[in-house]
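Undergrad: Sequence and computational prediction follow.
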Number of protein chains: 2
Amino acid sequence: MSKIELNKRQEQIVEIVKENGPITGEQIAEQLHLTRATLRPDLAILTMSGYLDARPRVGYYYTGKTNTQVLTDELKKLKVKDHQSIPIVVSVNVSVYDAICTMFLEDVGTLFVVDDKSYLVGVLSRKDLLRTSIGKQELTTIPVNIIMTRMPNITVCRQEDLILDVAHVLIDKQIDALPVVKDTDQGLEVIGRITKTNMTKILVSFGQE
Amino acid sequence: MSKIELNKRQEQIVEIVKENGPITGEQIAEQLHLTRATLRPDLAILTMSGYLDARPRVGYYYTGKTNTQVLTDELKKLKVKDHQSIPIVVSVNVSVYDAICTMFLEDVGTLFVVDDKSYLVGVLSRKDLLRTSIGKQELTTIPVNIIMTRMPNITVCRQEDLILDVAHVLIDKQIDALPVVKDTDQGLEVIGRITKTNMTKILVSFGQE
């Protein structure tokens, strides 16, 4: 759907409804010194294109929607569960060296650390691992436990969360990935990961519609 | 603008135009056994909403646009130059250790390597640096030169390129960032960087319209 260019009369109608809505078709016609029948096609166009909305026994009111609003509306439909990737986890007992190897083997940028009951206890980024690896310690002897970001400093999301909200968090907190978790009585179960790569894929998919 | 729900007659018109377009309003009316006047509001709605387009002396034809097409159209307007970030570069002579320090100081995920005339010769990712740092060599003595991705294996983009095309490349080649370059007689000048973070910011900005 391309941008709808309103004609002069349609713009007048939008202005009238913006200022006086809710307002009936008859009242709009009166203000413009026209008949209700003359306005019918214009009102139909304005209603169908989303500029105005109408409620029976109430009248027309202004929705405030613009062309770019479609985009926002489409984006707001997206949920984490439809775009998440498989999480890669390591045990809290492994060494930094093993975590680095896992990162390369699995080709991911973020690892989630779980305890022996498989509940989330930490997050490891490439930068966490890089920072440690330029230190003087032996990587095979340092447990990830020492260097990981731990609760309550881990930002998580859930499957029903909106992609837009997650994108916000990734930007605001300057992180690459969030674990997607499921709440249980014992702790947070890691069931997915959502990353800036997923966000980029969403852009690409919109470009292919 | 919200999604336009076509009524039965409008759908019939779209079908007729799809199969027979370009076709005049009179011919459409004939096929539906209606008058041209009766169809006028429907044709107006279909044209203004972008389903159909009309050319004088030619008639109506089908544009093939759907609701999600708006999104694609909006995305296709975006260019690299309007969304790029500042590039962080290091000289080809610095050590891996210095490059890692620069990465942390500048808080970026990718460094671009330039020769002594400031032309692009390499790219360093966090993974390149991490891979080297778990080796047994002394990081302060290895030049980035040895470990960087070099021409012609570097994927670049230019300011006039479309964001959508860059997003595609980032996904297809599984890379986090591209250098934005300017072509000169002597080589490629690095004038920006575009990353999955920029892509995520674009999603966020659409959500705020």
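TA: Sure thing, it's come through.
Undergrad: Can you check the pLDDT for the residue of chain A most remote from its centre?
TA: Centroid-distance maximum for chain A: A:His33 at 46.8 Å, with Cα atoms, centre = their mean. Note on A:His33: pLDDT of 92.
Undergrad: One more: the one 4 residues further on?
TA: At A:Ala37 the predicted local distance difference test score is 87.
Undergrad: Also A:Ile191?
TA: 97.
Undergrad: for it, helix, strand, or coil?
TA: Using DSSP: H, G, I helix; E, B strand; the rest coil, the structure places A:Ile191 in strand.
Undergrad: Ok, A:Asp53 next?
TA: A:Asp53 ends up strand, using three-state DSSP.
Undergrad: neighbours of it, just the number please.
TA: When neighbours are defined as other Cβ atoms under 10 Å in any protein chain shown, A:Asp53 has 19 of them. For the C-beta atoms, the positions are set from N, CA and C on the backbone; glycine is no exception.
Undergrad: Repeat that for A:Lys77.
TA: A:Lys77: 10 neighbours (other Cβ under 10 Å).
Undergrad: swap in the one 3 residues further on?
TA: The criterion is other Cβ under 10 Å. On that basis, A:Val80 has 20 neighbouring residues.
Undergrad: Now it. Nearest residue, chain neighbours left out?
TA: A:Asp161 (4.8 Å; Cβ to Cβ, 6 or more residues apart in numbering or on different chains).
Undergrad: Would you agree that neighbour is in contact with A:Leu78?
TA: No. Here A:Asp161 does not reach A:Leu78: they are 10.1 Å apart, not a contact under Cβ atoms under 8 Å.
Undergrad: ok, and does the helix or strand containing A:Asp98 reach over to chain B?
TA: Here A:Asp98 is covered by helix A:96-106, with elements defined by DSSP states H and E. Yes. Against chain B, helix A:96-106 shows contacts by Cβ under 8 Å from any Cβ of the partner chain at A:97, A:100, A:103-104.
Undergrad: any idea how far A:Asn20 is from chain B?
TA: 22 Å (Cβ to the nearest Cβ, to the nearest Å).
Undergrad: For that residue, what are phi and psi?
TA: According to degrees, to the nearest 10, the main-chain angles of A:Asn20 amount to phi -110, psi 0.
Undergrad: Read off the pLDDT value for it.
TA: At A:Asn20, the model reports a pLDDT of 81.
Undergrad: residues contacting it?
TA: For A:Asn20, the contact set (Cβ atoms under 8 Å, 6 or more residues apart in numbering or on different chains) comprises A:27, A:31.
Undergrad: Show me what counts as buried in stretch A:166-175.
TA: Using 16 or more other Cβ atoms under 10 Å in any protein chain shown as the burial criterion, the residues of stretch A:166-175 that qualify are A:166-171, A:175.
Undergrad: Stretch A:191-199 now?
TA: Buried, per 16+ other Cβ under 10 Å, within stretch A:191-199: A:192-199.
Undergrad: Relative to the whole chain's centre, how far out is that stretch?
TA: 11 Å (Cα atoms, centre = their mean, to the nearest Å).
Undergrad: try stretch A:197-209
TA: 12 Å.
Undergrad: close to chain B, is that stretch?
TA: Yes. Residues of stretch A:197-209 contacting chain B under Cβ under 8 Å from any Cβ: A:197, A:199-204, A:206-209.
Undergrad: Is it correct that A:Ile191 is in contact with A:Val181?
TA: Yes. Between A:Ile191 and A:Val181 there is a contact under Cβ under 8 Å: 6.6 Å.
Undergrad: Starting from the helix or strand of chain A with the lowest mean pLDDT, tell me the next helix or strand along the chain.
TA: Least confident helix or strand of chain A, by mean pLDDT, DSSP states H and E, is helix A:68-75 with a mean of 70. On the C-terminal side of helix A:68-75, the closest following helix or strand by DSSP H and E is strand A:89-91.
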